[in-house]
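**Student:** Sequence and predicted structure, then a few things I'm wondering about:
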Amino acid sequence: MDIQEEKQNSVLFVCLGNTCRSTMSEGIFQHLVKTRGLQDKWLIDSAGIANWHEGKPPDEFTLAMLERNGMLEGYHHRARQITQEDFIKFKFILGMDEYNIRSLQKIAPSHYSAKVGLLGQYEIDGEDPEIYDPYMAEFEVFKQVYAKCLRCCQRFLDSQEQDPHT
């Protein structure tokens, strides 16, 4: 895959610490892409606004949700902080809440090509577009976050498959 092709189909999921929502979305999206036979056409990653967890694996409940839903196979990630290069490397940067979006706008380089928005904008009409942070919450909260991330990732991928430029 050349760089231009890579740019056509690339997404970076972003949350605060890169251990819960963004990694869950990354794992879900990788699975969806693989299921549709599109794994060679997408560059998929996740990052955090902060570097608190850099180098650590995703939250244990995130991994449990991915495993429970058959999405853990082949998924490996270590937390990292977003970089200015990410704004050029990725076509889409999808944050989880408004705080993420404000932070992304502050750290973005002056000229960038990524489309920055909320993953939750792909939620069912009328639903809250923010995906709230389940960090340190009960497993039940992670189940709710998983369900919302799954719906949004499916709708995002569907929207890209319908776009003739994808």
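**Tutor:** Now that the structure is in, tell me what you want to look at. Numbering: from 1, shown residues only.
**Student:** Report the secondary structure state of the residue lying farthest from the centre of the chain.
**Tutor:** Largest separation from the mean C-alpha position in the chain: residue 110, at 22.9 Å (C-alpha atoms, centre = their mean). Under DSSP: H, G, I helix; E, B strand; the rest coil, the three-state class of residue 110 is coil.
**Student:** Could you check how far it is from residue 88?
**Tutor:** To residue 88, residue 110 is 12 Å away according to C-beta to C-beta, to the nearest Å. C-beta: built from backbone N, CA, C; applies to glycine.
**Student:** just to revisit the earlier point, what pLDDT is listed against the residue farthest from the centre of the chain?
**Tutor:** On the pLDDT scale, residue 110 is placed at 91.
**Student:** ditto for residue 163
**Tutor:** Listed pLDDT for residue 163 reads 68.
**Student:** Low-confidence stretches in the chain?
**Tutor:** 1-7, 163-166 (pLDDT under 70).
**Student:** for it, what spans make up the helices?
**Tutor:** With DSSP state H as the criterion, the chain has helices at 3-8, 21-35, 60-68, 86-89, 98-107, 139-162.
**Student:** Could you check the last one and say which residues are buried?
**Tutor:** Spelled out, that is helix 139-162. Judged by neighbour count (16 or more other C-beta atoms under 10 Å), helix 139-162 contains these buried residues: 141-142, 145-146, 148-153, 156-157, 160.
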